[in-house]
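Peer 1: 3D model of this:
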Amino acid sequence: MSRKERSEFIMEKLLYTVPEVAKLLRCNPKRVYDLNKAGLLPLLKLGQLKCRRETLIAFLEKYDGYDVSDPYHVTPLQTDTSGDGV
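Peer 2: All right, here's what the predicted structure looks like:
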């Protein structure tokens, strides 16, 4: 299976493991556990912790435009209004 085929297969799955969620979010698995512990990303345990596809999509939609670097202090992203792009 090619890398592209594997990526397409992962996107079609119903449940994702924590490492798969981390890969999709391009973060460390510890960050996924932190998001869960803070109550931002619900997980379920079915053998191991997993995240439903719909839950992950809802998380991304809800926190679009927010800084969730610290899941206990979520803030809106600051927009650059100076026009210089810095």
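Peer 1: just want the most central residue of the chain.
Peer 2: residue 25 (4.5 Å; CA atoms, centre = their mean).
Peer 1: need the helix or strand of this structure with the lowest average pLDDT.
Peer 2: Of all the helices and strands that make up the chain, helix 3-12 has the lowest average by mean pLDDT, DSSP states H and E, namely a mean of 69.
Peer 1: list the contacts of the next helix or strand after that one.
Peer 2: Scanning forward in sequence from helix 3-12 by DSSP states H and E, the next helix or strand is strand 15-17. Taking CB atoms under 8 Å, 6 or more residues apart in numbering as the criterion, the residues outside strand 15-17 that touch it are 10, 24, 46, 48, 49, 50, 51, 52, 53, 56. C-betas here are computed from N, CA, C, even on glycine.
Peer 1: re the thing from before, residues contacting the residue nearest to the centre of the chain?
Peer 2: Contacts here follow CB under 8 Å, 6+ apart; on that basis residue 25 touches 31, 32.
Peer 1: go again using 10 Å as the cut-off
Peer 2: 31, 32, 35, 41, 56, 59, 60, 68 (CB atoms under 10 Å, 6 or more residues apart in numbering).
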